[in-house]
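Novice: give the three-dimensional model of this entry:
(one chain, ligands or ions: 1)
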Amino acid sequence: MDDSDRVIFTEGEFYQGHFDSREYFSAYYSSPSSGDDFLPFVLQKLHETFSSGNIKGKKLIDIGCGPTIHGIISASKYFEEIVVSDFTDSNRREIEKWLRNEEGCFDWRPTIEFVCELEGGSRSPEEVEQRLRQIVKQVQRCDVRQENPFHPLTMEPADCILSSLCLEAACKDLETYRRALGSIAALLKPGGVLVLIGVLNESFYFVGQEKFSCLVLSQSCIEETLRNLGFSIKQVNTLHPKETDKEYYDAEAFFYLVAQKTK
Ligand SMILES: C[S@@+](CC[C@H](N)C(=O)[O-])C[C@H]1O[C@@H](n2cnc3c(N)ncnc32)[C@H](O)[C@@H]1O
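Specialist: Modelled structure (predicted):
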């Protein structure tokens, strides 16, 4: 194999120049009822996790949120403060636009309405939007490859960390993935909860015409890494995408995992 055959893993710097937030939104998040099964699956699981009332506290951090807020809708009822973070400037700008309700921001209304229905109508979509805009206190740059992903900031440990589809996109090999999960664990209080959402055995996905790499991971490898870091795994669910949904990625399955930091 010569150098021209070698596939370069698309790390954070590539996202900075090539990740189109708008394309990403329309490909994967425009509505829970019109896309593939992933979004309803994840919204349902997040609803079940947080509506139990057992996972709550002062602070939740979303690591590698991209331009999205769907992950924090259910949780917004149970925390005093949410920090969202991502490596890519344009993604953070999209979130800031939504938080300020600026003209042309993404329309998260269908997704918020879906969650409100899951909640049995206990909150209206307007209340949820207002709540999110009030409790997302920070939109921060982060780099999961760093020992302190928020360097030069020192982040107070959180009660809950959520990370969706970020680590396998950010980490070019298993060693980097393990270190990144270790850095994330260090941002959690003892007893704190990690909600990790990701893909199994995926090597690429598309956003528009742009192809992004993905670290190929098995469920056992992810679970073993978490156990070695002192997590107790509480729940793992998987969703196998329909073949027709697999035009833009080659994932074998999506996973939804909840783990508690025991030390
Ligand atoms: C597939 S998107 C996931 C976005 C969102 N969490 C979701 O569930 O749809 C991957 C995200 O990882 C971010 N990312 C890539 N490298 C990163 C790094 N080193 N540190 C933090 N985030 C990174 C990208 O900017 C992008 O927003």
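
Novice: which one is the residue in the stretch 1-150 of the chain that the ligand sits nearest to nearest to, not counting chain neighbours?
Specialist: Residue nearest to the ligand within the stretch 1-150 of the chain: residue 66 (2.7 Å; CB to the nearest ligand atom). The way it works is simple: take the backbone N, C-alpha and C, and place the C-beta from them, glycine included. The shortest distance from residue 66 to any non-neighbouring residue, by CB to CB, 6 or more residues apart in numbering, is to residue 91 (4.9 Å).

Novice: how about the spatially most central residue of the chain: what's its closest non-neighbour residue?
Specialist: Central residue of the chain (CA atoms, centre = their mean): residue 164, 2.2 Å from the mean position. Closest residue to residue 164 apart from its sequence neighbours, by CB to CB, 6+ apart: residue 197 at 3.9 Å.

Novice: and the one you found, helix, strand or coil?
Specialist: For residue 197, the assignment made with DSSP: H, G, I helix; E, B strand; the rest coil gives strand.

Novice: contacts only, for residue 62.
Specialist: If you count contacts by CB atoms under 8 Å, 6 or more residues apart in numbering, residue 62 has them with 71-72, 82-85, 161-164.

Novice: what's the spacing between residue 195 and residue 155?
Specialist: Computed as CB to CB, to the nearest Å, the residue 195 to residue 155 distance reads 17 Å.

Novice: do the same with residue 171
Specialist: Using CB to CB, residue 171 is found at 20 Å from residue 155.

Novice: which of the two has more neighbours?
Specialist: residue 171 (24 against 18; other CB atoms under 10 Å).

Novice: which non-adjacent residue is nearest that one?
Specialist: Excluding the flanking residues, the one nearest residue 171 by CB to CB, 6+ apart is residue 177, at 4.0 Å.

Novice: CA atoms only for the helix or strand harbouring that neighbour, dumped as CSV, please.
Specialist: Assigned by DSSP states H and E, residue 177 belongs to helix 174-185. This file holds the C-alpha atoms of helix 174-185, laid out as CSV (Å, rounded to 0.1, in the frame of the first residue of the first chain):
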residue,chain,number,x,y,z
LEU,A,174,-8.8,2.5,20.3
GLU,A,175,-6.1,4.0,22.5
THR,A,176,-7.4,7.6,21.8
TYR,A,177,-11.0,6.4,22.5
ARG,A,178,-10.1,4.8,25.8
ARG,A,179,-8.2,8.0,26.9
ALA,A,180,-11.1,10.2,25.8
LEU,A,181,-13.6,8.1,27.9
GLY,A,182,-11.2,8.5,30.8
SER,A,183,-11.1,12.3,30.4
ILE,A,184,-14.9,12.3,30.3
ALA,A,185,-15.1,10.1,33.4
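
Novice: identify the residues contacting the residue nearest to the centre of the chain.
Specialist: Contact analysis of residue 164 by CB under 8 Å, 6+ apart lists 42, 62, 64-65, 68, 71, 196-198.

Novice: just residue 153 next, same as before
Specialist: With CB under 8 Å, 6+ apart, residue 153 has these contacts: residue 140.

Novice: quick one: pLDDT of it?
Specialist: Here the pLDDT value assigned to residue 153 is 97.

Novice: so it: helix, strand or coil?
Specialist: Under three-state DSSP, residue 153 falls in the coil class.

Novice: and it, how close does it get to residue 242?
Specialist: Residue 153 is 42 Å from residue 242, by CB to CB.

Novice: go on, residue 225?
Specialist: Applying CB to CB, the value for residue 225 to residue 242 is 29 Å.

Novice: quick one, what contacts residue 51?
Specialist: By CB under 8 Å, 6+ apart, the contact set of residue 51 is 74, 118-119.
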